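Novice: here you go, sequence then predicted model.
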Amino acid sequence: MTALLSVQNLSVSFTTYGRRIEVLKSVSLDVPEGAQIALVGESGSGKSVTMKTIMGILPQPPAKIDGGAIFFDGRDLLTLPERERLKLRGTAMSMVFQDPMSSLNPVFTIYDQLGTILKYADRRLGRNRSGKERKARVLDVLAQVRMRDPERVAASFPIMLSGGMRQRVLIAMALLSEPRLLIADEPGTALDVTTQAQILKLLKDLVTEKGLALLMITHNLGVVRETSGYTYVMNKGEIVEHGPTAGIFEAPKEAYTRDLIAAVPRLTGRDQ
């Protein structure tokens with residue numbers, strides 16, 4: 001299967017107070033068209049730096065890309081002119097962030113925010129959509145993420161919505177421009193367990209229905225088991241193990257992977 005996204009030997013370092021620190025060390029991973037892939041590791045393992053480098057939002061400096069390539073649909077993102085890369089961001093590839101309250105502006109309604117994002121995305125893509133058409137698209141996407149009353153939600157401010165509803169708004173935001181790749185950064189971690197499960201199921205259902213590729217960034221192997229068919233395990237800036245998710249769980253090769261699996265909460269107090 002052809003990779004829609006292919007990260008090849010990516011190395012990134014940070015320089016702080018005159019000291020250079022290697023953060024990513026020859027990281028390689030593939031996300032085929034329509035596949036559901038996970039990148040898992042504990043906090044500080046390099047997952048977020050990988051994600052930010054892919055999306056082109058890594059601050060440089062203090063970061064520096066020391067080597068490697070990131071191909072999206074056959075084009076190396078690291079050599080694209082900034083204008084071309086910006087055109088892809090939020091359109092062909094979108095992100096679902098983990099914290100709705102820091103991603104949504106509290107002083108604007110949901111429609112104001114989604115409509116503005118859609119307007120700028122249309123401008124990047126050369127589309128000429130009327131205000132009425134934009135509103136229809138926003139309401140349609142809110143319905144797609146299973147909002148019961150899209151009109152009411154669109155007219156609401158973020159504080160008027162529950163945590164689960166705000167997370168659904170972020171998913172709707174990512175789907176506005178019909179991307180081919182979704183990168184989900186710890187979605188639902190700020191929610192209770194039941195609501196998080198609902199959000200993860202919704203995300204999986206949507207990418208399956210639309211045939212999207214999904215890269216799930218998480219520290220939780222329990223989430224990986226529910227959402228991904230193939231898993232990359234990251235530790236200290238390196239991919240230490242990868243393979244079909246079922247195989248990772250049944251026969252992990254690395255001690256680090258076994259430790260992550262052991263950290264997954266169980267429903268009983270003892271092994272079954």
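Specialist: Alright, I've got the coordinates. Residues are numbered from 1 along each chain as shown.

Novice: pretty sure L221 sits against D259.
Specialist: No - counting by CB atoms under 8 Å, L221 stays clear of D259, with 10.1 Å between them. In short, each C-beta sits where N, CA and C put it, glycine included.

Novice: more crowded one of the two?
Specialist: Using other CB atoms under 10 Å, the more surrounded residue of L221 and D259 is L221, with 24 against 12.

Novice: grab the nearest non-local neighbour of F157.
Specialist: Distance criterion CB to CB, 6 or more residues apart in numbering; nearest residue to F157, sequence neighbours excluded, is T109 at 5.8 Å.

Novice: also V12?
Specialist: For V12, the closest residue by CB to CB, 6+ apart turns out to be L24, at 4.1 Å.

Novice: is it true that the one you found touches I239?
Specialist: No - here L24 does not reach I239: they are 9.6 Å apart, not a contact under CB under 8 Å.

Novice: these two: which has the busier surroundings?
Specialist: Set L24 next to I239 and count neighbours by other CB under 10 Å: L24 wins out with 28 against 20.

Novice: quick one: contacts for the more buried one?
Specialist: The contact partners of L24, taken as CB atoms under 8 Å, 6 or more residues apart in numbering, are L10, S11, V12, G46, V49, T50, T53, G237, E238.

Novice: buried residues, the host helix or strand of it. List them.
Specialist: Using DSSP states H and E, the element containing L24 is strand 19-32. Neighbour counts over strand 19-32 (16 or more other CB atoms under 10 Å) mark V23, L24, K25, V27, L29, D30, V31, P32 as buried.

Novice: can you tell me how far the third one is from T15?
Specialist: Going from K25 to T15 by CB to CB, to the nearest Å gives 16 Å.

Novice: again, but for the fourth one
Specialist: Counting by CB to CB, the gap between V27 and T15 amounts to 19 Å.

Novice: just checking, what packs against the lowest-mean-pLDDT helix or strand in the chain?
Specialist: In the chain, no helix or strand scores lower on mean pLDDT, DSSP states H and E than helix 100-103, which sits at a mean of 74. On a contact count with 3 or more CB pairs under 8 Å, 6 or more residues apart in numbering; DSSP states H and E, helix 100-103 meets helix 163-175.

Novice: so what strands line up beside the very next helix or strand once past the helix it packs on?
Specialist: Where DSSP H and E defines the elements, the next helix or strand beyond helix 163-175 is strand 181-185. Strand 181-185 has the following sheet partners, assigned by DSSP bridges: strand 93-96 (parallel), strand 213-218 (parallel).

Novice: who touches the longest one?
Specialist: Under the criterion CB under 8 Å, 6+ apart, residues 4-5, 31-40, 47-48, 50-51, 54, 180-186, 203-204, 207, 223-224, 227-228 lie in contact with strand 213-218.

Novice: ok, 7 Å please
Specialist: The contact list for strand 213-218 (CB atoms under 7 Å, 6 or more residues apart in numbering) reads 4-5, 31-40, 47, 51, 180-186, 207, 224, 227-228.
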